[in-house]
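Peer 1: Got a sequence here, can you model it:
(one chain, ligands or ions: 1)
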Amino acid sequence: MAVAVCPGSFDPITYGHLDIIQRGAEVFDKVICCVMINRKKDPLFTVEERVALIREVTRDMPNVEVDSYRGLLIDYMHKKKANAIIKGLRAVSDFEYEMQMASINRKLDPGVETFFMMTNNKYSYLSSSIVKEVAQYGANVDDLVPPPVVQAFKNKFPLD
Ligand code: PNS
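Peer 2: Numbers count the residues shown, from 1 in each chain. As a prediction, this is how the structure comes out:
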């Protein structure tokens with residue numbers, strides 16, 4: 001069985017992430033969407049909140065599992081006996097950082113392969129950071145994130 005892990009901060013999940021997860025799930029037997037710690041980022045949502053949101057929006061995808069892990073991605077890959085990592089690439093600007101991550105993961109275990117998927121053009125500008133930036137001012141983010149995430153923003157940033 002070909003198991004792929006789709007790792008990320010998912011702070012929070014956007015339609016861009018969801019598109020990658022959905023398409024990955026058509027290619028692999030199982031996709032584990034794993035919320036991980038990116039030490040360069042200061043998250044808005046807790047790991048538990050992020051996991052709950054992903055679970056809710058992937059509920060109809062039978063071969064998608066949701067999990068979290070606070071250690072190294074490569075250790076998680078071993079734990080799950082998975083040898084494929086899937087990541088979305090939006091633009092050239094993503095490339096350097098993603099290439100660096102794929103290279104260190106390959107160095108740590110050459111048996112684990114990273115697969116890049118081109119993000120759907122309509123989401124190429126989308127990132128969790130940009131959505132958080134506009135959502136905190138109460139802007140409409142209905143086209144950018146699934147309804148449970150819209151609600152989660154409303155709870156985080158209540159309008160007075
Ligand atoms: O969505 P992001 O923030 O681009 O995802 C990056 C993430 C969380 C996948 C990356 O930081 C990661 O793998 N963190 C776990 C720790 C680890 O394995 N670090 C070495 C590879 S950079």
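Peer 1: got the contact list for residue 78?
Peer 2: By CB atoms under 8 Å, 6 or more residues apart in numbering, the residues touching residue 78 are residue 109. All C-beta atoms are positioned from the backbone trio N, CA, C, and that covers glycine.
Peer 1: If you could redo that for residue 54, that was the one I meant.
Peer 2: Applying CB under 8 Å, 6+ apart, the residues contacting residue 54 are 10, 13, 33, 35, 66.
Peer 1: so for stretch 119-128, what's the average pLDDT?
Peer 2: For stretch 119-128, the mean pLDDT works out to 94.
Peer 1: residues in contact with that stretch?
Peer 2: Residues contacting stretch 119-128 (CB under 8 Å, 6+ apart): 9-16, 19-20, 88-91, 144.
Peer 1: and if you look at stretch 153-160?
Peer 2: Under CB under 8 Å, 6+ apart, the answer for stretch 153-160 is 12, 44-45, 135-136, 138, 141, 145.
Peer 1: Mind doing that once more with 6 Å?
Peer 2: Stretch 153-160 is touched from outside by 135-136, 138, with contacts defined as CB atoms under 6 Å, 6 or more residues apart in numbering.
Peer 1: Among those, name the ones in helices.
Peer 2: Counted as lying in helices by DSSP state H, out of these, are residue 135.
Peer 1: Of the contacts of stretch 153-160, which are in range of the ligand?
Peer 2: Applying CB under 6 Å from any ligand atom, the subset of the contacts of stretch 153-160 adjacent to the ligand is empty.
Peer 1: Buried ones only from the contacts of stretch 153-160, please, as a ChimeraX command.
Peer 2: Of the contacts of stretch 153-160, the buried ones go into a single ChimeraX selection, burial set by 16 or more other CB atoms under 10 Å:
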select :135
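Peer 1: of the contacts of stretch 119-128, closest to the ligand?
Peer 2: Nearest to the ligand among the contacts of stretch 119-128 is residue 9, at 3.5 Å by CB to the nearest ligand atom.
Peer 1: Hmm, that closest one is touching residue 38, no?
Peer 2: Yes: contact criterion CB atoms under 6 Å: residue 9 and residue 38 qualify, at 4.7 Å.
Peer 1: Looking at the two, which is more packed in?
Peer 2: residue 9 (19 against 12; other CB atoms under 10 Å).
Peer 1: List the contacts of that one.
Peer 2: Counting by CB under 6 Å, 6+ apart, residue 9 touches 38, 41.
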